[in-house]
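> Fold the following for me, if possible:
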Amino acid sequence: MTRQKLWTSVRTWSILLLGTALYGFGIVYFIVPNRLMEGGVTGVGILLLYAAGLPASVTTLVLNLPLFWLGWRKLGFRAMIYTFGGTVSLSVFLWLWQAMVDRGWLTPFTTQQDFILVVLYAGVTLGAGLGLVFYAGGTTGGVDIIARIANRRGGISMGQFILLMDVVILGTSLIFIPKEKVLYTLVSVFISARVIDFVQEGAYAAKAFTILCRDPEKLAAQITSELERGVTLLNAVGAYSGEARMAVYCVVSRFEVRKLKSLVRQHDRQAFIVIADVHDVLGEGFREE
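As a prediction, the model looks like this:
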């Protein structure tokens with residue numbers, strides 16, 4: 001194994017472990033003490049904790065064992081290695097955080113009044129943890145494995161399948177917890193999903209400009225000189241006029257949007273500008289992987 005591959009592997013596993021540690025912390029510190037819920041197999045584990053007092057650290061791993069075997073048979077070993085690591089490490093961290101609570105080293109956050117505060121912090125914590133796990137290429141097992149198999153074998157949307165299973169799990173939880181707690185859980189799940197997107201797409205969100213103007217070469221030179229950003233000139237043809245033109249394409253940070261718009265307007269008041277959101281920008285001037 002080369003040094004680069006070794007570093008990549010260490011970095012990936014470190015991110016995966018940090019994500020599962022954060023996710024497990026959110027479950028033990030926010031979700032369970034306030035009798036909220038979570039989706040997926042982890043949600044089933046929490047449900048069994050509420051119904052029968054079985055530790056979630058054990059039930060989530062036990063429930064995932066047959067799914068590991070199925071995933072290994074259908075998806076292959078390479079596709080399952082990070083999922084296996086994510087699920088096992090999650091069970092370890094659930095046990096570890098709960099052990100700290102049982103010994104009085106960690107006091108969970110509980111409230112009987114301001115549940116909005118609970119679901120906000122729970123959603124952010126769980127979303128950040130899962131986002132890091134997904135960023136590392138892993139999952140926490142369970143429904144994700146079945147969804148990937150269903151998508152590959154039957155063309156079923158993974159998102160729709162996971163959503164359906166979460167609805168079933170949350171619906172079943174109504175037997176054991178009040179409906180208000182389930183509704184609060186939905187808020188937490190929504191916040192978690194938004195945070196996952198943020199972590200996946202990156203905090204390095206930027207704006208992509210596509211500009212049609214007169215003398216595009218001159219504008220490109222101005223952008224390079226004044227903003228110190230790379231510019232690409234693209235060949236374009238007007239569908240109506242059939243006229244061949246050059247389009248200017250440039251990606252800038254959110255803080256440079258106003259300056260670039262001003263620069264384009266000064267260059268050509270009639271310029272046609274399209275501004276699009278881009279995420280997780282890698283490369284010179286932004287972020288290196």
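
> can you give me the helices in the stretch 1-150 of the chain?
In the stretch 1-150 of the chain, the segments counted as helices under DSSP state H, counting those that start in this stretch are 3-26, 40-52, 56-75, 77-102, 115-135, 143-154.

> Need these in TSV (columns: mean neighbour count).
Heads up, the C-betas are built off the backbone N, CA and C, glycines and all. Formatted as TSV, the helices of the stretch 1-150 of the chain follow (neighbours: other CB atoms under 10 Å):
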stretch	mean neighbour count
helix 3-26	17
helix 40-52	22
helix 56-75	18
helix 77-102	19
helix 115-135	21
helix 143-154	18
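
> Am I right that F176 is in a helix?
No: F176: not assigned to a helix; according to DSSP: H, G, I helix; E, B strand; the rest coil it is coil.

> Tell me which residues touch it, please.
In this structure, F176 makes contact with 47, 50-51, judged by CB atoms under 8 Å, 6 or more residues apart in numbering.

> Looking at the residues you listed, which is nearest R35?
Closest approach between the contacts of F176 and R35, by CB to CB: Y50, at 6.7 Å.

> What pLDDT is listed against the closest one?
Y50 carries a pLDDT value of 90.

> Apart from its chain neighbours, what residue comes closest to F68?
Beyond its immediate neighbours in the sequence, the residue positioned closest to F68 (CB to CB, 6 or more residues apart in numbering) is F84, lying 6.0 Å away.

> ok, the one you found to G171 distance?
In this structure, F84 lies at 29 Å from G171, with CB to CB, to the nearest Å as the measure.

> circling back to that earlier point, now the contacts of F176 in a markdown table, please, with extra columns for distance to A208.
Output for these, formatted as a markdown table (distance: CB to CB, whole Å):
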| residue | distance to A208 |
| --- | --- |
| L47 | 44 |
| Y50 | 47 |
| A51 | 50 |
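
> Give me the secondary structure label for Y249.
Look at Y249: counting by three-state DSSP, its state is strand.

> Make sure I have this right: I273 is in a helix.
No: assigned with three-state DSSP, I273 falls outside any helix and is strand.

> is it true that it touches V264?
Yes: proximity of I273 to V264 meets the contact threshold set by CB atoms under 8 Å, at 6.0 Å.

> Quick check: neighbours shared by the two?
When CB under 8 Å, 6+ apart defines a contact, the residues bordering I273 and V264 alike are 209, 211.

> Between the two, which has more neighbouring residues?
In this view I273 and V264 are compared by other CB atoms under 10 Å, and V264 has more residues nearby, 21 against 15.

> if I pick the more buried one, what's in contact with it?
Shown in contact with V264 (CB under 8 Å, 6+ apart): 209, 211, 213, 219, 271, 273.

> Setting aside sequence neighbours, what's the nearest residue to the last one?
Distances taken as CB to CB, 6+ apart place I211 nearest to I273, at 5.3 Å, with adjacent residues excluded.
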